[in-house]
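# turn this into a structure:
(one chain, ligands or ions: 1)
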Amino acid sequence: MGALRSEQQTAYDGLVASGLALDLTRGKPAPEQLDLSNALLTLPGVDGLGAVAGPDVRNYGGLQGLRELREIFGPLLRVPVDQLVAAGNASLTLMHDLLVQCLLHGTVGSERPWSQEPRVRFLCPAPGYDRHFAVCEQLGIEMVPVPMREDGPDTAAVAALVAEDPSVKGMWLVPTYANPTGSVVTEEVARALAEMPTAAPDFRIIWDNAYAVHHLTDVETPTADVLGLCAAAGNADRAFVVASTSKITFAGAGVCFFGGSAANVAWWLRQLAFQSIGPDKVNQLRHVLFLRDADGVRALMAAHRALIAPKFAIVAEVLEARLGPLKAASWTDPAGGYFVSLDVLDGTAARVVSLAKGAGIAMTPAGSAFPYRDDPDDRNIRIAPTFPSEADVRAAMEGLSTCVLLAAAEHLLA
Ligand code: PMP
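Numbering: from 1, shown residues only. So this is what the prediction gives:
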């Protein structure tokens, strides 16, 4: 064991000396992925301005967003076109805003604004998306972790918590290719969530389908029809569906979507009318002209896949080669999305990330995927391989593996 440790220390010293400067912190598209949508930069053009019905896209109006764009994304997100809103560029803004409106005014079925409740709690499948948790923290919504599994959240844990406690007002959920685990909520899990009795009459699932069409294999895993399941269960207003084109077209200049029951959409548009006289319809129009239809989206996503699937393959290859034989860690093999979730030896994740930093490899801070950044086992590390080049992904994974092994050796000898 001592020999293993000194061997790993030597490998780590060599890594530090190699002077890397790599960043795997955030799930950003690579420049080549952004290039796939460069045609947007010349659209709509003067000639394209009249390509859609309705008010002049350059003017105020059209709060629900261009119907033609909603027709493209409605079927992909499994939201009826009339129940879909196309809005600004960021679904994170939308999610933050949805919760602010619930706190200030309450939503459909609320007895009072959430802020007038003695406490407001949200269930957080963990590991999960750090920015979801940051929104809760910022707004004073208490977070209750529930385990995230391959088929979605632990429904028994969720059902028990929501049945008893009216302060549990909602839960976060990334149904398809979750951040960071790649989990896909199955039809059965979605049905259980749609049907479960909740003590709060206005319980909401924030169904954040950020990676609905972001397949990494030939299989186009469908997302469960959460709105249909909720309606069939007599809980039509339970789900707020959100998504965006951030990882389809431009991460900083895409379009986001909100979907829900007819009552939820009417509620949302009433709130929105105080904030906006209409969204950026010029951007929405250029998305219509560029993407054309659902098949246009699928073709673009296939081009993304060709660029990023090899990076995920490198992550799997290096981890298997370096950590597999020693069983020093386990990791996900996602069929879509933007992340790999790595579980290292319990009690070593923070040390691994700090060793990586010392070697010039920036990782998302350990614990980020948990409410309050508290990974109770100190084992989870999120890997975001899309942005760096393939060579950099390989170098980063080799370096990270060295850090995992050194931290494990240190821990076992402590
Ligand atoms: N939801 C999830 C699950 C994400 O991973 C991300 C991006 N990392 C977002 C939302 C952010 O989306 P947007 O760019 O639309 O704000």
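# average pLDDT across stretch 179-193?
Mean pLDDT, computed over stretch 179-193, is 98.
# close to the ligand, is it?
Yes - judged by Cβ under 6 Å from any ligand atom, stretch 179-193 comes into contact with the ligand at N179. In short, each C-beta sits where N, CA and C put it, glycine included.
# could you number the chain from 39 rather than 1 from now on?
Sure, I'll start numbering at 39, so the last one becomes stretch 217-231.
# restrict that stretch to CA atoms and write it as CSV.
C-alpha atoms of stretch 217-231 as CSV (Å, rounded to 0.1, in the frame of the first residue of the first chain):
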residue,chain,number,x,y,z
ASN,A,217,-27.4,16.7,-15.0
PRO,A,218,-25.1,15.1,-13.9
THR,A,219,-26.2,11.4,-13.7
GLY,A,220,-27.7,10.9,-17.2
SER,A,221,-30.7,9.3,-15.6
VAL,A,222,-33.9,9.1,-17.6
VAL,A,223,-37.2,9.2,-15.8
THR,A,224,-39.2,6.1,-16.9
GLU,A,225,-42.9,6.1,-17.7
GLU,A,226,-43.6,4.3,-14.4
VAL,A,227,-41.6,6.8,-12.3
ALA,A,228,-43.3,9.7,-14.1
ARG,A,229,-46.7,8.1,-13.6
ALA,A,230,-46.0,7.6,-9.9
LEU,A,231,-45.0,11.3,-9.5
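# list the buried ones in it?
The neighbour-count check on stretch 217-231 (16 or more other Cβ atoms under 10 Å) flags 217-224, 227-231 as buried.
# cool, stretch 380-387 as well?
380-383, 386-387.
# what's the closest of the residues you listed to the ligand?
Set against the ligand, the nearest of these by Cβ to the nearest ligand atom is L380 (16.8 Å).
# identify the residues contacting the closest one.
Counting by Cβ atoms under 8 Å, 6 or more residues apart in numbering, L380 touches 357, 367-370, 418-421, 438, 442.
# tell me which of the residues you listed is nearest to the ligand?
Nearest to the ligand among the contacts of L380: R420, at 10.3 Å, using Cβ to the nearest ligand atom.
# can you tell me the SS state at that closest one?
What DSSP: H, G, I helix; E, B strand; the rest coil gives for R420 is strand.
# so the nearest residue to N247 once chain neighbours are set aside: helix, strand or coil?
Of all residues not flanking N247 in the chain, A281 sits nearest, at 4.5 Å (Cβ to Cβ, 6 or more residues apart in numbering). With three-state DSSP as the basis, A281 sits in strand.
# bridging residues for A281?
Note on A281: beta-bridge partners F295, judged by DSSP bridges.
# how is this structure carved up into domains?
Annotated domains of the chain cover 40-65+336-451, 89-329 [automatic domain parsing].
# now render those as CSV, adding distance to D73.
Supplementary listing: the domains of the chain in CSV, determined by distance: least, Cβ to Cβ, whole Å:
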stretch, distance to D73
domain 40-65+336-451, 9
domain 89-329, 10
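# surely P183 is in contact with F408?
Yes - the pair P183 / F408 is scored as a contact, 6.4 Å apart, by Cβ atoms under 8 Å.
# mind listing the shared neighbours of the two?
Common contacts of P183 and F408, defined by Cβ under 8 Å, 6+ apart, comprise 162, 164.
# and the stretch 189-338 of the chain, which residues reach the ligand?
Neighbours of the ligand within the stretch 189-338 of the chain, by Cβ under 6 Å from any ligand atom: 212, 217, 246, 248, 282, 284, 289, 294.
# residue contacts, the fourth one?
Listed by Cβ under 8 Å, 6+ apart, the contact set of A248 reads 129, 212, 217, 280-282, 284-285.
# anything in the longest strand belonging to the chain near the ligand?
Longest strand in the chain, counting residues (DSSP state E): strand 180-187. No - if you take Cβ under 6 Å from any ligand atom as the test, strand 180-187 misses the ligand, and the best it gets is 12.2 Å.
# by contact count, what packs against the following helix or strand past that strand?
Per DSSP states H and E, the first helix or strand lying C-terminal to strand 180-187 is strand 190-191. In terms of contacts (3 or more Cβ pairs under 8 Å, 6 or more residues apart in numbering; DSSP states H and E), strand 190-191 is packed against strand 159-164, strand 206-211, helix 225-233.
# buried set for the helix or strand following the first one?
Scanning forward in sequence from strand 159-164 by DSSP H and E, the next helix or strand is helix 168-177. Within helix 168-177, the residues that qualify as buried by neighbour count (16+ other Cβ under 10 Å) are 168, 170-171, 173-174, 177.
# closest one of those residues to the ligand?
So of these, ranked by how close each gets to the ligand (Cβ to the nearest ligand atom), first place is H170, at 7.1 Å.
# can you put the contacts of A248 in a markdown table and add distance to W152?
Below are the contacts of A248 laid out as a markdown table (distance: Cβ to Cβ, whole Å):
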| residue | distance to W152 |
| --- | --- |
| S129 | 20 |
| V212 | 22 |
| N217 | 25 |
| V280 | 18 |
| A281 | 24 |
| S282 | 24 |
| S284 | 27 |
| K285 | 30 |
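# looking at the buried residues of stretch 380-387, which are in strands?
Secondary structure from DSSP E places 380-382 of the buried residues of stretch 380-387 in strands.
# want to throw those into TSV with distance to the ligand?
Listed next are those as TSV, based on distance: Cβ to the nearest ligand atom, whole Å:
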residue	distance to the ligand
L380	17
D381	19
V382	22
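# that's a helix at I243, yeah?
No - assessed with three-state DSSP, I243 is strand; it does not lie in a helix.
# so, low pLDDT: which residues of the stretch 39-188 of the chain?
Where the stretch 39-188 of the chain drops to pLDDT under 70, the residues are 39.
# where exactly do the helices run in it?
Taking DSSP state H, counting those that start in this stretch, the helices of the stretch 39-188 of the chain run over residues 40-55, 69-73, 83-86, 105-115, 129-143, 168-177.
# in the fifth one, what's buried?
To tie it back to what came earlier, the one meant is helix 129-143. Result for helix 129-143 [16+ other Cβ under 10 Å]: buried residues 129-130, 132-141.
# now the shortest one
For helix 83-86, the neighbour count (16+ other Cβ under 10 Å) marks G86 as buried.
# which other residues reach it?
323-324, 327.
# for the residue of the stretch 289-438 of the chain found nearest the ligand, give me its contacts.
Nearest residue of the stretch 289-438 of the chain to the ligand: C294, at 5.0 Å (Cβ to the nearest ligand atom). Contacts for C294 (Cβ under 8 Å, 6+ apart) come out as 124-129, 131-132, 280-284.
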